[in-house]
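Enquirer: 3D, please:
(one chain, ligands or ions: 1)
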Amino acid sequence: MNTTRRQRSAVYEHILKIERERLLAALNPSHVQIWGDDVPSRNNEAAVMHDQFLSLAVNELELHKLRQVEASLERLRNGTYGICESCGQRISEKRLRVLPWANACLTCATRPGVRADTHELCRS
Ligand SMILES: [Zn+2]
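Expert: Have a look, this model is predicted:
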């Protein structure tokens, strides 16, 4: 591994660790618990249910992203970071800059029927 690539890996590792910290903080169980001791009245029950639904949906997304971040850190450790898990080609630097936890190249990620992470931002 040359110096440039090692430096780049260090940068991505740093970014991924910061993102992991942010996600762990966002996934704090206190965010999931909504009612606590404060049982809602009949009037706002629907609103609370809606909030709870949204909160759980957001948590699920964050959890999914956290798993991707963890997997990327693992790939950095074993030297396969930046390699598409689907076709084995290098993931472009541009894509990794936008989506450091990408596990597939843009071609594979946007190919219909291939299960890989996709993200609107990386379609540029
Ligand atoms: Zn690919």
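
Enquirer: can you name the element that comes right after the lowest-mean-pLDDT helix or strand in the chain?
Expert: When each helix and strand of the chain is scored by mean pLDDT, DSSP states H and E, helix 29-32 comes last, with a mean of 53. Using DSSP states H and E, the next helix or strand after helix 29-32 towards the C-terminus is helix 45-78.

Enquirer: what packs against the following helix or strand past that following helix?
Expert: Counting by DSSP H and E, the element after helix 45-78 in chain order, helix or strand, is helix 93-98. Using 3 or more CB pairs under 8 Å, 6 or more residues apart in numbering; DSSP states H and E as the contact test, no helix or strand touches helix 93-98. Every C-beta, even on glycine, is put in place using the N, C-alpha and C of the backbone.

Enquirer: report the buried residues of helix 93-98.
Expert: 95, 96 (16 or more other CB atoms under 10 Å).

Enquirer: so is whichever helix or strand comes after it next to the ion?
Expert: Per DSSP H and E, the first helix or strand lying C-terminal to helix 93-98 is helix 106-110. Yes: using CB under 5 Å from the ion, helix 106-110 reaches the ion at residue 108.
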